[in-house]
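K.L.:
Predicted structure and sequence below. I'll ask about it afterward.
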Amino acid sequence: MTVEHAAWDCPACGRHVPGRLEECRCGHRRAVRAPGAAADAPAAARPRGGVLLLATGLALGAALILALRLLSPSTAEVAPAAAPPPPSAEVPLERLDGITPGDASAPAGPAPAETTFTPLPSRDPAPAAPIASPPAPATLEDIVARSLPAVASIQAGASRGTGFFIRPNLVITNAHVVTGQSTVELQTASATYTARVTSLAPGTDLALLEVFTPNPQQATLPLGTLKDVRVGQEVVAIGSAFGVLSNTVTRGIVSAIRSAGAVTLIQTDAAINPGNSGGPLLDRTGVVIGVNSMRVAERGGQGLAFAVAIDHAAPLVAGRPGAAASTPLEGLNRVMTPPGDAGALREQGTQAYRAVLEAATERANELDGFWTQYASACVSRASRTGDRPWFAVYEPDGVRIGVAPAYDCEEWLRRVRTGANALRAEIEQAGEVARRQGVYPGVMRDLRRQRRLEWSGWGQ
């Protein structure tokens, strides 16, 4: 029986060789089988060379995939790739990396996981209400209208002046207005008060008055400070011109800031007349920056006005009037006189003494009228010792009064003495200053005679 050898595959070239041949065309010979060995499997049952290569590739691919899965994170942690966007007619936007979405040239790879940012709480404040436009500056008329109710005319015996309320129960004025008085009368636009002199500071020419029965609704003026005052700024002075023209308003500018010894004075060209003394000097906001105190008449020129800086009132209000070696008038005279010029110093002293007498003449004329009104009924005898009939009160027993049923003559004479003593104190103080400045006694006497203020007791 003829046994037909099965075909075999040449391991060298992969050809399928018939079983009867022991050698392939390529020259490779089939290995000789041992006796009794199993015959080769049929050619159809053996894998072909191509199939072996495919199997080997699949095995290597499976191993590579397994290795990658072992090295990569769990598939549960990988976000699924985003579905491609639907086609749109709009021009696609470019990303920041320069790759256009959907571009075939874009590198393949898993789509990045989408990050969601939770907005932080806003730290901005709630929208503010619209800022209103600043109000227009107050007009001069508004400032004056607001300030006038706080200014009062002062009747201090025969002397008259001005003061202003800083509290419903406190009034500031000049010391020379109330010198020699314990109580004074105040007259505002709508009320009358009685006040007592609580503090007197001749060194700064300031005085503090306390109202006996204050009105809580009384208008007051705010106090400023010298550091806010600038040369050239506009100012307003309010007072009772000549002691009778109440609520007189004048306007000017700050001409200079002067140091008169220990006192600081604000020089202004606002008109300050007798009776304005003690009134407020206001800035354009209605704040008090000075207390109108004096004017100095310059020969051949317009008078200069001065106000004591309001800063000097703070110690007085605090109960510390202090003491000064000289008055503002004395210090001002020194300032206005060149060092070593005796003649100029004498001339300045003469001008200052003349200015004091001018103010004293106004008050003396008022006292004349008060004397004339009641003297015929109250006076039984009066000594004639000077230019004015009421100078008799300066002499011991110079005035004797009778009994007039229709008048309180004792009260009348007390008021005459009060006014006369205040005038005497002012003239004597001015005379002492003039003497220290070298003013001749004869010059002072002539100035007094020109104004009917001569009395034999001056200078004694």
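P.N.:
Looks like it arrived, so ask away. Numbering: from 1, shown residues only.
K.L.:
element containing A63?
P.N.:
Secondary-structure assignment from DSSP states H and E places A63 in helix 49-71.
K.L.:
And the following helix or strand past that helix, what's buried?
P.N.:
Next in sequence after helix 49-71, counting helices and strands by DSSP H and E, comes helix 140-147. Residues of helix 140-147 classed as buried: 143-144, 147 (neighbour count, 16 or more other C-beta atoms under 10 Å). Heads up, the C-betas are built off the backbone N, CA and C, glycines and all.
K.L.:
quick revisit: quick check: mean pLDDT across the helix holding A63?
P.N.:
For helix 49-71, mean pLDDT rounds to 65.
K.L.:
quick one: which of the buried residues of helix 140-147 is nearest to S199?
P.N.:
The closest of the buried residues of helix 140-147 to S199 turns out to be S147 (C-beta to C-beta; 23.4 Å).
K.L.:
separation between that closest one and L221?
P.N.:
6 Å (C-beta to C-beta, to the nearest Å).
K.L.:
intersection of neighbour lists for these two?
P.N.:
Among the neighbours of S147, those also in contact with L221 (C-beta atoms under 8 Å, 6 or more residues apart in numbering) are 280, 282, 286.
K.L.:
Let's see the pLDDT reported for the second one.
P.N.:
We have a pLDDT of 94 for L282.
K.L.:
who's it bridged to?
P.N.:
On the basis of DSSP bridges, L282 is bridged to V236, V288.
K.L.:
What separation do you get for it and C26?
P.N.:
129 Å.
K.L.:
more neighbours, those two?
P.N.:
L282 (28 against 11; other C-beta atoms under 10 Å).
K.L.:
doesn't A150 make contact with the more buried one?
P.N.:
No: counting by C-beta atoms under 8 Å, L282 sits too far from A150 to count as a contact (10.2 Å).
K.L.:
and for those two, which residues touch both?
P.N.:
Common neighbours of L282 and A150 (C-beta under 8 Å, 6+ apart) are L221.
K.L.:
For the shared contacts of S147 and L221, please prepare JSON lines with the additional fields distance to M294.
P.N.:
Output for the shared contacts of S147 and L221, formatted as JSON lines (distance: C-beta to C-beta, whole Å):
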{"residue": "P280", "distance to M294": "15"}
{"residue": "L282", "distance to M294": "18"}
{"residue": "G286", "distance to M294": "23"}
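K.L.:
Closest to E395 out of these?
P.N.:
P280 (39.4 Å).
K.L.:
I figured the closest one hits S293, correct?
P.N.:
No: using C-beta under 8 Å, P280 is not in contact with S293, being 11.5 Å away.
K.L.:
where along this protein do the helices fall?
P.N.:
Using DSSP state H, the helices of the chain run over 49-71, 140-147, 175-178, 313-317, 328-335, 342-378, 409-436, 441-450.
K.L.:
Show me the one of those helices that comes nearest F391.
P.N.:
F391 lies closest, by C-beta to C-beta, to one member of those: helix 409-436, at 7.4 Å.
K.L.:
and the closest one, what other elements does it pack with?
P.N.:
strand 159-167, helix 328-335, helix 342-378, strand 399-401, helix 441-450 (3 or more C-beta pairs under 8 Å, 6 or more residues apart in numbering; DSSP states H and E).
K.L.:
Quick check: buried residues in the shortest one?
P.N.:
For strand 399-401, burial by neighbour count (16+ other C-beta under 10 Å) applies to 399, 401.
K.L.:
what packs against it?
P.N.:
Secondary-structure packing of strand 399-401 (3+ C-beta pairs under 8 Å, 6+ apart): strand 379-382, helix 409-436.
K.L.:
Quickly run through the sheet partners of that strand, with directions.
P.N.:
strand 379-382 (antiparallel).
K.L.:
Any regions of the chain where pLDDT drops low?
P.N.:
Applying pLDDT under 70 to the chain picks out residues 1-5, 32-57, 67-137, 241-246, 296-303, 321-342, 404, 406, 459-460.
K.L.:
who wins for proximity to Q181 among the helices and strands packed on helix 409-436?
P.N.:
strand 159-167 (7.6 Å).
K.L.:
Tabulate the CA atom coordinates of the closest one in CSV.
P.N.:
Extracted in CSV, the C-alpha atoms of strand 159-167 (Å, rounded to 0.1, in the frame of the first residue of the first chain):
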residue,chain,number,x,y,z
SER,A,159,-19.2,153.8,77.4
ARG,A,160,-20.6,152.0,74.4
GLY,A,161,-19.2,149.2,72.2
THR,A,162,-20.0,145.9,70.6
GLY,A,163,-19.8,142.2,71.6
PHE,A,164,-20.7,138.9,70.2
PHE,A,165,-22.1,135.6,71.6
ILE,A,166,-19.9,132.6,71.5
ARG,A,167,-22.4,130.6,73.7
